[in-house]
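J.: Any chance you could fold what I've pasted below:
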Amino acid sequence: MNILFSINAKFIDLTKTCIRSIIRFDKNIDFYILHHDLNQKHMDDLRCTFLECTFYFIEVKEEEFKEFPISSRYPLEIYYRLFASDLLPKTLDRILYLDVDIVVIQSLRELYNMDFESNLYIASSHVNECMTHLNAKRLGLKEDVPYINTGVLLMNLELLRKQLNKQDILNYVNAYKKNLVLFDQDVLTALYGDKTKLVDYRKYNLSERMMNFYNLRNPRSKIDLDWVKKNSVIIHYCGRMKPWNGKYIGCLDCFYRELKE
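T.: Reported below is the predicted structural model:
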């Protein structure tokens, strides 16, 4: 199994937590890490902490992405995953990208081995039909396409090498720069949302916010912590509320705290 992270040095500890959660259920994993500022000490630290795993560190030159907009919340590394098919070894045919603010609570094998059905990505959406329509208008799309959460992305690298075009992405960013909010998610949705196979966010990309939204919309079939433990695979602490910051409200932080204990 190939797992991809795109990080800078500030996220080493979170990366460790994410890896620790994964290897409880799956072995023989190759971790590929896209970065621009990790030093030898960082790399040795990861390798020594997880002797049973194999790590490949791929340094990305910052100047290659100097034309892309960034912010304090969305650093340059968010774009690396969009170009993973160019940055990773050509021998890989698929890889699962994960944000490091994720905890895995069951095996990833079922997701990893899913049939792409000729799509470029397999991912989840975190927005409803109304927001999908509004996002389509904001992003200049002729028709509604699923708005993709890029925190969990299974990538069809073989097909991406044939279809992904860096100039198309840069052209779109320059044309819609003022409209972009969640930069990489906006770009991926606009250009490749119609080539993405959707999977259930409750299973593969569950956040506290999405759990609450689901329960509000489905009062007769609410999901609770017991349901999550039996059915969910990936818990995503996306947004500003993080359990490691001490201001978490909800129940899903128990999975993070279990790991830390």
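
J.: immediately after the helix or strand where Gln185 lies, which helix or strand?
T.: In the assignment (DSSP states H and E), Gln185 maps to helix 183-192. Heading C-terminal from helix 183-192, the first helix or strand you meet, by DSSP H and E, is strand 196-198.

J.: Surely Leu182 is in contact with Ser71?
T.: No - using C-beta atoms under 8 Å, Leu182 makes no contact with Ser71, being 10.1 Å away. Yep, even glycine has a C-beta here, placed from its N, CA and C like the rest.

J.: Who has more neighbours out of these two?
T.: More crowded of Leu182 and Ser71, by other C-beta atoms under 10 Å: Leu182, with 17 against 8.

J.: That one and Gly239, how far apart?
T.: Leu182 sits 11 Å away from Gly239, going by C-beta to C-beta, to the nearest Å.

J.: Now do the buried residues in the helix holding Gln185.
T.: Of all the residues in helix 183-192, those buried under the rule 16 or more other C-beta atoms under 10 Å are 183-192.

J.: Against which helices or strands is that helix packed?
T.: helix 77-80, strand 148-156, helix 166-176 (3 or more C-beta pairs under 8 Å, 6 or more residues apart in numbering; DSSP states H and E).

J.: Using a markdown table, please lay out those together with distance to Val199.
T.: A markdown table is the format used below for those (distance: least, C-beta to C-beta, whole Å):
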| stretch | distance to Val199 |
| --- | --- |
| helix 77-80 | 21 |
| strand 148-156 | 9 |
| helix 166-176 | 24 |
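
J.: which one of the ones you listed has the most crowded surroundings?
T.: strand 148-156 (a mean of 24; mean count of other C-beta atoms under 10 Å).

J.: Could I get the full set of helices for the chain?
T.: 12-22, 40-49, 77-80, 84-87, 109-112, 129-138, 157-163, 166-176, 183-192, 201-204, 208-217, 225-231, 253-260 (DSSP state H).

J.: Which strands and helices lie in contact with the fifth one?
T.: Right, the one you point to is helix 109-112. Packed against helix 109-112, as judged by 3+ C-beta pairs under 8 Å, 6+ apart, are the following elements: strand 94-98.

J.: Name every strand pairing with the strand it packs on and say which way it goes.
T.: Next to strand 94-98 in the sheet, as set by DSSP bridges, lie strand 2-6 (parallel), strand 148-156 (antiparallel).
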